[in-house]
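[1] Give me a 3D structure for the following:
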Amino acid sequence: MLMIREEQMAVFEQAAVSNFASRVYEHLQTFFPEHCQNLQADQVRAVIRFGLERAEHYQLVSERDVYLYVSLMFLLGSYFDEDPQLPWVTERLKEQAPETANTRMAPVYDQAMTLLDSMIGPENEYLRQTLGMLQQSQVFESLPDAPSFGHRLLLLLQALAPQKYQVLGDSILRDLVRHGYGAAKQHGLTTERGAMIYLSLAFLLGSGFDRDLLYPWAAEVLANPALADPAQKGEALYAAARKHLAKCPPGCSRRADLTEALEMRPAKPYRRIVEEPD
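    From the prediction side, this is the model:
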């Protein structure tokens, strides 16, 4: 009888995971080409590794579920499972027992697709409007008077993406404003304009954009010791955002094709060592 030592099994499993990650990379090149072109290959692979780690955290084991999870990272931001804009995600991921992990991501993905259709448009038409407004610096100065800065931040979000604002609602976006305002201050963005810039990007790219491997330019600006002046740092962040989002808008321009491709992924454990015939 052929005996395989634990060390050999570990090597085989590592090879299986590496092979799977390569297939995910090809999937991302197909459906998120702008992201892959604007990131270096090792940066894309780092995003995939992070996605595998997060999937492992939620005990997601099937190929389909991991593909769904990583795709949602590119659609909603790598930290979509912690985003105040999507409070239902963690609940949905935790509400089923681990033994049903092969099917847990499908309802999360379906709900996210329904939200995206209504928030940014089936063909990304609302998203393009938002990106166009964000490119105009006067969007931060043209807001009406409000009783507090918090109210002005809500008015800003409503101006940038009225459809998304309506879908998410005041309660969720108030949570985002509180989270974003506090995070902006921690990064030294203490001017009103700096907070507006930060919150706009959190609204558009996900609340974890400042540490998201998909948007390394944000972390680079925010961690730059040469940008000690709050106003200067805010403008540097805004300039970087305008430059990079013009080349690489968030999301996917082929969501229907993406969903069709994801439905074809097998519901088998991606760490399987012996390939089973289809």
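[2] residue contacts, the residue nearest the centre of the chain?
    The centre of the chain sits closest to G77, judged by Cα atoms, centre = their mean, with a distance of 0.8 Å. Applying Cβ atoms under 8 Å, 6 or more residues apart in numbering, one finds that G77 lies in contact with D83, L205, G206, S207, G208, F209, D212, L214, P250. Any C-beta I mention is one placed from the backbone N, CA and C, and that applies to glycine too.
[3] What values do phi and psi take at it?
    Main-chain torsions, G77, degrees, to the nearest 10: phi 110, psi 150.
[4] just to revisit the earlier point, let me know the closest of the contacts of G77 to L227.
    In terms of Cβ to Cβ, no member of the contacts of G77 lies closer to L227 than F209, at 17.1 Å.
[5] burial of the closest one, as a residue count?
    For F209, the neighbour count with other Cβ atoms under 10 Å is 26.
[6] I'd say T190 and P230 touch.
    Yes - between T190 and P230 there is a contact at 4.6 Å, judged by Cβ atoms under 8 Å.
[7] on that earlier part again, ok, so of the contacts of G77, who is nearest G182?
    S207 (10.9 Å).
[8] Let me know the distance separating that closest one from L173.
    Distance of S207 to L173, given as Cβ to Cβ, to the nearest Å: 11 Å.
[9] list the residues that contact both of those two?
    Common neighbours of S207 and L173 (Cβ under 8 Å, 6+ apart) are Q85.
[10] how about the contacts of G77 in CSV, adding pLDDT?
    Listed next are the contacts of G77 as CSV, based on pLDDT from 0 to 100:
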residue, pLDDT
D83, 97
L205, 98
G206, 97
S207, 96
G208, 96
F209, 98
D212, 97
L214, 97
P250, 93
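[11] Which members of those residues occur in helices, if any?
    Residues of the contacts of G77 located in helices (DSSP state H): L205.
[12] As TSV, the contacts of G77 with distance to L157 would be great.
    Conversion of the contacts of G77 to TSV gives the following (distance: Cβ to Cβ, whole Å):
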residue	distance to L157
D83	14
L205	13
G206	14
S207	13
G208	17
F209	15
D212	19
L214	21
P250	16
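[13] Who has more neighbours out of T190 and P230?
    It is P230, of T190 and P230, that has more neighbours when counted by other Cβ under 10 Å, with 18 against 13.
[14] So that one is in contact with G188, correct?
    Yes - here P230 reaches G188: they are 5.6 Å apart, a contact under Cβ under 8 Å.
[15] so where's the protein uncertain?
    Applying pLDDT under 70 to the chain flags the ranges 1-17, 96-103, 271-278.
[16] Domains in it, by residue range?
    For the chain, automatic domain parsing gives the domain ranges 14-121+252-263, 125-247.
[17] just to revisit the earlier point, ok, and the closest non-adjacent residue to the residue nearest to the centre of the chain?
    What sits nearest to G77 in space, not counting adjacent residues and going by Cβ to Cβ, 6 or more residues apart in numbering, is G206, at 2.1 Å.
[18] likewise E63?
    Leaving aside its sequence neighbours, E63 sits nearest to Y270 (Cβ to Cβ, 6+ apart; 4.5 Å).
[19] Compute the number of surrounding residues for the one you found.
    23.
[20] for T30, same thing?
    13.
[21] which stretches of this structure form strands?
    Assigned by DSSP state E, the chain shows no strands.
[22] ranges for the helices of it?
    Using DSSP H, helices in the chain cover 6-31, 33-38, 41-57, 63-76, 88-94, 105-120, 125-134, 149-160, 162-168, 170-186, 192-205, 216-222, 230-247, 255-263.
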